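Student: this one's structure only:
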């Protein structure tokens, strides 16, 4: 009997230690409301008191019951501590991030016998650069090469990546020193599609730099603010400077519990914040850093983007696979072709794994083009959030948390995110509204590509005006409904249809007269 009591009190001690760990880890996430925290402490204290009380009894059966209860609770507390620790570690890793990486690589032809920088310099290679890349990092790379080989490196600068490749193919230069993201611009063009497959890397350098925002953008109202969501459509690091193929502004009113997601097409033809008025695709702003994307969107909308969240959609597929797939609602039946394969989607609910979800989010095979693509991307985000909230998530929780570490980052502080979670637990769930701006198809020259003409989307001024109206209303607390947004879209689409019919008729009459 005495031994049973000793075992019971010992397990009660273990239970106490693990209870303290659970409370400590829970509060360290910054996401537990005070009332919830007090309730947690009281609950754990009551359970501990029950075990101690049972351990003091003289009946053997009661002592055994105390031992069993203490053992079960200790195991549950240990598991809970682990899960909360993993969550806390992930939150620490992905929040408060204010750095990004500029990847500068040296490329030569895939068939070139040269396999190193030393060989390239020894053979008298001329290294081509692009003026729109970060010149400080380009020069640092050149200096590093010269320091390694102890001789001067011959370089030649070109205005755009297209000019550089033309010079490379004419043997004006035999190697390229360029930002990795700049090469993606080339790969996406019709003239040089997937050109990077013809090259090989002989030197890689990464430069970590701080993301610097305007002072007025760093002050943040906890309850009314706008956040920039950037989706990087590459297989590289989420911290790397790269094209931003997903551009969503989240307008948040924590008091009314409304979030308005405004999607801007990647090919929107706008002046970049660093292009001195010259227009370019919005996606190319990401090549110059996430602050360039944010500043460019602030020039387009009446919105102060206080923070950013950056998502690597190619890495995001790992999370979806760990979740066991997601159920995405598709407005249309369509087929999408990516590097991984060809995927077909039916109208309605589709259960998708990570690769299929990426294909769903990347396709522009629609009459509405990038606008529909933006809507599909928001459907993927919505479906992923819903799956994360389901009980099934617990089955593979730690792996999901590990996947998140490499898939997104934000400069929002842990305290601020914790405040939003606490207020959600206390005051209720969010209502998510969505709206996508549109425009007209065109072919224009761009800041990043010089005289080379690319497909762009010229913004529709009415769409921008309506987006600004929605931003103002949500931030001011004026309740907005998805139905009224849908009515606006339907009426506008009807007007566009009438306008297009009138243009076609005018064109037919002119042809007849001629």
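Tutor: Done, it's in. Owing to the predicted nature of the structure, the values given are computational and were not obtained by experimental measurement.
Student: any low-confidence regions in this protein?
Tutor: 1, 213-220, 233-236, 314-315, 339, 369, 389, 391, 394-398, 496-514 (pLDDT under 70).
Student: Quickly find the element holding the residue nearest the centre of it.
Tutor: Centroid-nearest residue in the chain, with Cα atoms, centre = their mean: residue 311, separated by 1.5 Å. Element membership for residue 311 (DSSP states H and E) is strand 305-312.
Student: can you list contacts of that strand?
Tutor: Residues from elsewhere that reach strand 305-312 (Cβ atoms under 8 Å, 6 or more residues apart in numbering): 211, 217-221, 225-232, 234, 236-239, 246, 249-250, 290, 294, 297-298, 406-412. For the C-beta atoms, the positions are set from N, CA and C on the backbone; glycine is no exception.
Student: Now do the residue lying closest to residue 244 once chain neighbours are set aside against residue 210, distance only.
Tutor: Leaving out its chain neighbours, the residue that sits closest to residue 244 by Cβ to Cβ, 6 or more residues apart in numbering is residue 286, at 3.6 Å. Separation of residue 286 from residue 210 (Cβ to Cβ, to the nearest Å): 17 Å.
Student: returning to what we had before: so what angle separates the directions of the helix or strand just after the strand holding residue 311 and strand 305-312?
Tutor: Using DSSP H and E, the next helix or strand after strand 305-312 towards the C-terminus is helix 313-322. Relative orientation of helix 313-322 versus strand 305-312 (axes from the mean of the first three to the mean of the last three Cα atoms, to 10 degrees): 70 degrees.
Student: can you give me how far helix 313-322 is from the chain middle?
Tutor: Counting by Cα atoms, centre = their mean, to the nearest Å, helix 313-322 is centred 11 Å from the centre of its parent chain.
Student: Check which element follows that helix along the chain.
Tutor: Next in sequence after helix 313-322, counting helices and strands by DSSP H and E, comes strand 326-330.
Student: Buried only: go through the contacts of strand 305-312 for me.
Tutor: Using 16 or more other Cβ atoms under 10 Å as the burial test, those include 211, 217, 220, 225-232, 234, 236-239, 246, 249-250, 290, 294, 297-298, 406-412 as buried.
Student: In helices only, show me these.
Tutor: 217, 290, 294, 297, 298 (DSSP state H).
Student: a markdown table please, covering those residues and showing distance to residue 352.
Tutor: Output for these, formatted as a markdown table (distance: Cβ to Cβ, whole Å):
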| residue | distance to residue 352 |
| --- | --- |
| 217 | 36 |
| 290 | 28 |
| 294 | 30 |
| 297 | 29 |
| 298 | 34 |
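Student: Out of these, which is nearest to residue 359?
Tutor: Ranked by distance to residue 359 (Cβ to Cβ), these are led by residue 290 at 25.5 Å.
Student: helix/strand/coil for residue 303?
Tutor: Three-state call for residue 303 (DSSP: H, G, I helix; E, B strand; the rest coil): coil.
Student: which residues sit in contact with the closest residue to it other than its chain neighbours?
Tutor: Spatial nearest neighbour of residue 303, excluding adjacent residues (Cβ to Cβ, 6+ apart): residue 226 at 4.6 Å. Neighbouring residues of residue 226 by Cβ under 8 Å, 6+ apart: 249, 250, 251, 252, 303, 304, 305, 306, 471, 475.
Student: what does the one helix or strand the last one maps to contact?
Tutor: The one in question is residue 475. Using DSSP H and E, residue 475 falls within helix 461-476. The contact list for helix 461-476 (Cβ under 8 Å, 6+ apart) reads 224, 226, 249, 251, 253, 256, 258, 260, 262, 300-303, 433, 435, 437-439, 480, 485, 488, 492.
Student: For the strand or helix carrying residue 3, which residues meet the burial criterion?
Tutor: Here residue 3, judged by DSSP H and E, is contained in helix 2-28. Buried residues in helix 2-28, defined by neighbour count with 16+ other Cβ under 10 Å: 4-5, 7-9, 11-12, 15-16, 18-19, 21-23, 25-28.
Student: cool, and stretch 201-208?
Tutor: 202, 203, 205.
Student: cool, stretch 94-114 as well?
Tutor: By 16+ other Cβ under 10 Å, the buried positions in stretch 94-114 come out as 94-97, 100-108, 112, 114.
Student: Could you tell me which of those residues are located in helices?
Tutor: Cross-referencing the buried residues of stretch 94-114 against helices under DSSP H gives residue 94.
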